[in-house]
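*Asks:* Let's see this in three dimensions:
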Amino acid sequence: MKVKVLSRNPDDYVRETKHDIQRVPRNYDPTLHPFEVCREYSRALNATKLDRVFAKPFLSSLDGHRDGVNCMAKHTKSLSTVLSGSCDGEVKLWNLTKRVCLRTFQAHEGFVRGMAVRYCGTSVFTVGDDKTIKQWKMEAPGYGEEVEPLSTILGKTVFTGIAPHQKDGVFATCGQQVDIWDEQRSTPIRSFTWGVDSFSSVHFNPVETELLASCASDRSIILYDMREAAPLKKVIMTMRSNTLCWNPMEAYYFTACNEDYNLYTYDMRRLDKPIMVHFDHVSAVLDVDYSPTGREFVSASFDKTIRIFPMNASHSREVYHTKRMQHVICVKWSADNRYILSGSDEMNIRLWKAAASEKLGVLTPREKEATNYRLKLREKFKHFPQIRRIAQHRHLPKGVYDQSKQLKEMKEARRRKEKNVRAHSKPGSVPVVSEKEKHVVTVVK
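*Replies:* Numbers count the residues shown, from 1 in each chain. Presented below is the predicted three-dimensional model:
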């Protein structure tokens with residue numbers, strides 16, 4: 001005789017943390033749960049409000065420089081190590097975990113214009129206003145040893161930027177021209193010029209490692225291939241670009257920060273117009289850096305704020321600022337995708353969270369599930385007016401708020417004038433030019 005017996009596993013109805021509280025069984029049949037969307041909307045609204053309540057992005061500041069921080073560099077092998085160079089020629093090595101300075105050395109006379117950590121992480125190259133390229137050991141010297149560079153290369157002109165190769169002992173510098181250097185030689189192995197007075201920055205592509213790009217003083221962005229004898233092509237814009245950054249996940253995309261308060265994301269295969277124009281800054285954008293995922297980037301501006309943009313969105317999702325922070329000159333996104341570093345005029349390096357309301361520390365499985373559930377709810381209902389208003393609202397400094405309002409009025413006036421001119425002109429004589437095409441003058445190949 002076969003007897004059927006009910007058997008239940010206690011793991012199905014007893015909670016993980018406190019075993020005295022029993023889990024309530026649920027029937028997920030939608031007919032038994034009317035008003036489900038109404039409840040989810042209420043939960044999404046509460047999640048959006050709590051996200052703004054717990055948004056405290058600022059973590060700490062790294063004090064120690066005696067002049068404005070002009071450049072920063074991430075260590076290629078260590079998450080917790082970062083280098084910073086200041087306007088008085090001093091370079092500092094920081095430990096972000098302990099938030100202390102590990103070592104300090106006088107690298108140059110005048111500004112430190114750029115730093116590049118070697119691909120293996122054993123040494124760092126620096127360039128400065130004294131027309132030299134110096135290589136320094138990453139480890140601090142022993143007791144009684146003097147701080148001396150491993151090698152020094154004296155150039156003919158001032159170097160304004162440096163970029164390391166991702167895989168080889170090769171690096172690029174820019175100044176009056178773009179030079180490719182081998183670590184074992186004191187003269188460049190290749191030089192590129194294209195009728196330009198000077199260059200402000202140069203960057204290697206992290207995916208297609210033979211490609212590099214530079215920003216020039218004639219308002220152009222020039223692309224190069226190390227295997228070619230001449231530059232590939234260049235795009236000339238209406239205003240000058242300060243620097244650029246390649247997308248680490250998509251080889252052909254890069255984002256340039258411009259003097260006209262905007263950032264432009266290009267596909268290097270089609271330079272006739274950018275694939276996206278990023279607005280919101282109210283002064284010149286000085287630096288940009290991508291997240292390791294390639295989905296977002298952070299920008300530093302002369303308007304004393306830093307902004308985080310999704311790569312495929314024209315407006316920022318986040319803006320960070322403090323009362324004491326002055327013009328932000330350089331910015332970096334940490335390699336673990338969780339933190340942002342900014343260096344500004346008033347001698348401070350600030351550490352921020354990439355997600356303003358993210359909880360730091362170890363999360364329990366229930367906390368992770370609740371966080372992911374709230375995130376999906378906010379994503380589902382993000383277009384509802386009340387939720388969108390709460391999620392997008394940010395408190396801005398009065399100067400930034402007033403200037404953004406003024407820029408909006410100016411843009412609306414130009415759009416209205418163009419519409420009136422087109423309405424009172426011969427049909428077809430005033431063509432419609434998209435916002436993406438307005439800022440590109442020409443492409444030279």
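*Asks:* residue contacts, Glu109?
*Replies:* 89, 128-130 (Cβ atoms under 8 Å, 6 or more residues apart in numbering). Every residue, glycine included, has its C-beta placed from N, CA and C.
*Asks:* Among these, which are located in strands?
*Replies:* Gly128 (DSSP state E).
*Asks:* Turn the contacts of Glu109 into JSON lines, including neighbour count, distance to Pro25 and pLDDT.
*Replies:* Converted to JSON lines, the contacts of Glu109 look like this (neighbours: other Cβ atoms under 10 Å; distance: Cβ to Cβ, whole Å; pLDDT from 0 to 100):
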{"residue": "Gly89", "neighbour count": "20", "distance to Pro25": "69", "pLDDT": "93"}
{"residue": "Gly128", "neighbour count": "25", "distance to Pro25": "69", "pLDDT": "93"}
{"residue": "Asp129", "neighbour count": "16", "distance to Pro25": "72", "pLDDT": "92"}
{"residue": "Asp130", "neighbour count": "17", "distance to Pro25": "74", "pLDDT": "92"}
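*Asks:* Redo the contacts of Glu109 as JSON lines? Include distance to Ala354.
*Replies:* Shown next, in JSON lines, are those (distance: Cβ to Cβ, whole Å):
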{"residue": "Gly89", "distance to Ala354": "31"}
{"residue": "Gly128", "distance to Ala354": "31"}
{"residue": "Asp129", "distance to Ala354": "33"}
{"residue": "Asp130", "distance to Ala354": "36"}
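*Asks:* Go through the contacts of Glu109 and name the one nearest Lys411.
*Replies:* Distance to Lys411 across the contacts of Glu109 (Cβ to Cβ) is lowest for Asp129, with 38.3 Å.
*Asks:* Is Val91 within a helix or a strand, and which one?
*Replies:* strand 90-95 (DSSP states H and E).
*Asks:* Could you point out the helix or strand that follows that strand?
*Replies:* strand 100-106.
*Asks:* Give me the helices and strands touching that next one, please.
*Replies:* strand 90-95 (3 or more Cβ pairs under 8 Å, 6 or more residues apart in numbering; DSSP states H and E).
*Asks:* Can you give the strand pairings for the strand it packs on, parallel or anti for each?
*Replies:* strand 81-86 (antiparallel), strand 100-106 (antiparallel) (DSSP bridges).
*Asks:* Identify each buried residue in that strand, please.
*Replies:* For strand 90-95, burial by neighbour count (16 or more other Cβ atoms under 10 Å) applies to 90-94.
*Asks:* on that earlier part again, most neighbours per residue, which of the strands paired with strand 90-95?
*Replies:* Greatest average neighbour count among those goes to strand 81-86 (a mean of 24), per mean count of other Cβ atoms under 10 Å.
*Asks:* which residues sit against that one?
*Replies:* 62, 65-75, 91-96, 102, 107, 112-115, 117, 124, 126, 332, 341, 343, 347, 349.
*Asks:* Which helix or strand contains Ala251?
*Replies:* Going by DSSP H and E, Ala251 is not in any helix or strand.
*Asks:* Tell me who's in contact with it.
*Replies:* With Cβ under 8 Å, 6+ apart, Ala251 has these contacts: 205, 207-208, 211.
*Asks:* hmm, back to that, so which of the strands paired with strand 90-95 is nearest Val288?
*Replies:* That would be strand 81-86 among those, by Cβ to Cβ, at 17.2 Å.
*Asks:* how far does the closest one sit from the chain's center?
*Replies:* 16 Å (Cα atoms, centre = their mean, to the nearest Å).
*Asks:* what mean pLDDT does it have?
*Replies:* What strand 81-86 shows for mean pLDDT is 95.
*Asks:* Would you mind listing the buried residues in the helix or strand encompassing Arg378?
*Replies:* Taking DSSP H and E as the definition, Arg378 sits inside helix 365-380. For helix 365-380, a neighbour-count test (16+ other Cβ under 10 Å) marks 374, 377-378 as buried.
*Asks:* Serialize the strands paired with strand 90-95 to TSV and add fields for distance to Thr305.
*Replies:* Shown next, in TSV, are the strands paired with strand 90-95 (distance: least, Cβ to Cβ, whole Å):
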stretch	distance to Thr305
strand 81-86	20
strand 100-106	26
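*Asks:* out of the ones you listed, which comes closest to Met237?
*Replies:* strand 81-86 (28.1 Å).
*Asks:* where exactly do the helices run in the stretch 301-445 of the chain?
*Replies:* Ranges of helices within the stretch 301-445 of the chain are 365-380, 385-392, 398-423, 435-438, based on DSSP state H, counting those that start in this stretch.
*Asks:* so the first one versus helix 385-392, what angle?
*Replies:* Looking back up the chat, that one is helix 365-380. 120 degrees (axes from the mean of the first three to the mean of the last three Cα atoms, to 10 degrees).
*Asks:* same thing with the longest one?
*Replies:* For helix 398-423 against helix 385-392, the angle by the same axes, to 10 degrees is 120 degrees.
*Asks:* buried ones in helix 398-423?
*Replies:* Result for helix 398-423 [16+ other Cβ under 10 Å]: buried residues 400, 403-404.
*Asks:* ditto for the shortest one
*Replies:* Of the residues in helix 435-438, none count as buried by neighbour count, 16+ other Cβ under 10 Å.
*Asks:* With stretch 280-297 instead?
*Replies:* Buried-residue list, stretch 280-297, by 16+ other Cβ under 10 Å: 280-291, 294, 296-297.
*Asks:* Make sure Phe254 is indeed in a strand.
*Replies:* Yes - assessed with DSSP: H, G, I helix; E, B strand; the rest coil, Phe254 lies in a strand.
*Asks:* so how many other residues sit close to the nearest residue to it once chain neighbours are set aside?
*Replies:* Distances taken as Cβ to Cβ, 6 or more residues apart in numbering place Trp246 nearest to Phe254, at 4.7 Å, with adjacent residues excluded. Trp246 is flanked by 23 other residues according to other Cβ atoms under 10 Å.
*Asks:* repeat for the one 3 residues further on
*Replies:* Met249: 15 surrounding residues under other Cβ under 10 Å.
*Asks:* can you pull the contacts of it?
*Replies:* Here Met249 is in contact with 207, 293-295 (Cβ under 8 Å, 6+ apart).
*Asks:* cool, and Asp182?
*Replies:* Counting by Cβ under 8 Å, 6+ apart, Asp182 has contacts 169-170, 189.
*Asks:* Generate a ChimeraX selection restricted to the buried subset of these.
*Replies:* Buried residues within the contacts of Asp182, by 16+ other Cβ under 10 Å, are selected in ChimeraX with:
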select :170
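*Asks:* can you tell me which of the contacts of Asp182 lies nearest to Lys304?
*Replies:* Val170 (36.8 Å).
*Asks:* Save the contacts of Asp182 as CSV, and put in secondary structure and distance to Lys304 too.
*Replies:* Formatted as CSV, the contacts of Asp182 follow (DSSP: H, G, I helix; E, B strand; the rest coil; distance: Cβ to Cβ, whole Å):
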residue, secondary structure, distance to Lys304
Gly169, coil, 39
Val170, strand, 37
Ile189, coil, 41
